[in-house]
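S.K.: Here is a sequence together with a model predicted from it:
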Amino acid sequence: MRKSVVILFTLFLFLTGCGNTETPSASQLEAPSSQVALPELEKTDWPAVSTDAEAFDLTGGLENPNFEYVFDHTETVPLDQLVAFALVSDALSEGACEELRSRFLEAPNTVLAYLVLMGDQTVDFGDHPPAAEIICQLIASADAAWHDGSEEFAQTMELCRASYPSGPAAELLDVMEAEHAASMERNH
């Protein structure tokens, strides 16, 4: 009896999975290139994002248990906390920068979507540059300084350029590319 149920269930899955027998027409396959849509940024669960360290209770340096936790666990904290930490951790940001680079290489669309959502938020130092641009610079510098301009980074950038030739993501890629080149020059 049990074997019959398994066979019926497998047959059901096969039939429902293969039920679409429609094939696209030649005109559907040969859409003009002007109608080809570019991929959108990855859909995220973030309706809005914050770079405010206070929103994540990341103020006060290593004396703050939350700050210390993120410092010790950069590879496991959510991207929003990692970004906020990297923006306020100064000399303690090395691990966060490396982790941001790793996450960009693993999931560039996710990281770019987050950075685009950061919008015009600025940092509280220097001439208050956009926070997303600072994160792009940190990612690029980490690759140039610690990985000598890795091939993986170059390939990821190339794929991102193909996916996002214009718009906010492309502008962030411009920042990343410029910082990577400048950092490579400084380090060699």
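M.R.: Now that the structure is in, tell me what you want to look at. Bear in mind the structure is a predicted one, so any value in this text is a computation, not a measurement.
S.K.: which residues does residue 115 contact?
M.R.: 132, 135-136, 169, 172 (CB atoms under 8 Å, 6 or more residues apart in numbering). Glycine gets a C-beta too; all of them are placed from N, C-alpha and C.
S.K.: Same check on residue 79?
M.R.: 103, 110-111, 114.
S.K.: separation between it and residue 86?
M.R.: Per CB to CB, to the nearest Å, residue 79 is found 10 Å from residue 86.
S.K.: Kindly report the same for residue 130.
M.R.: Residue 130 sits 14 Å away from residue 86, going by CB to CB.
S.K.: ok, these two, which is more surrounded?
M.R.: Between residue 130 and residue 86, counted using other CB atoms under 10 Å, the more crowded position is residue 86 (25 against 19).
S.K.: Can you tell me the element that one falls in?
M.R.: Assigned by DSSP states H and E, residue 86 falls within helix 79-88.
S.K.: Name the next helix or strand downstream of that helix, please.
M.R.: Of the helices and strands lying after helix 79-88 in sequence (DSSP H and E), the nearest is helix 94-106.
S.K.: Now whichever helix or strand comes after that following helix: buried residues?
M.R.: Downstream of helix 94-106, the next assigned helix or strand under DSSP H and E is helix 108-117. Judged by neighbour count (16 or more other CB atoms under 10 Å), helix 108-117 contains these buried residues: 108-117.
S.K.: now do stretch 77-97
M.R.: Residues 77, 79-89, 92-93, 95-97 are the ones in stretch 77-97 that count as buried (16+ other CB under 10 Å).
S.K.: same deal with stretch 122-129?
M.R.: 122-123.
S.K.: Between the two ends of it, how far is it?
M.R.: End-to-end distance for stretch 122-129: 5 Å, by CA to CA, to the nearest Å.
S.K.: From the chain's centroid, how far away is that stretch?
M.R.: 22 Å (CA atoms, centre = their mean, to the nearest Å).
S.K.: Now do the helix or strand hosting residue 181 and helix 108-117, the angle between them.
M.R.: Following DSSP H and E, one finds residue 181 within helix 168-187. Computed with axes from the mean of the first three to the mean of the last three CA atoms, to 10 degrees, the direction of helix 168-187 lies at 100 degrees from that of helix 108-117.
S.K.: show me the contacts for the nearest residue to residue 175 once chain neighbours are set aside.
M.R.: Spatial nearest neighbour of residue 175, excluding adjacent residues (CB to CB, 6 or more residues apart in numbering): residue 136 at 4.3 Å. Contacts for residue 136 (CB under 8 Å, 6+ apart) come out as 115, 172-173, 175-176, 179.
S.K.: and with 7 Å instead?
M.R.: By CB atoms under 7 Å, 6 or more residues apart in numbering, the residues touching residue 136 are 115, 172, 175-176, 179.
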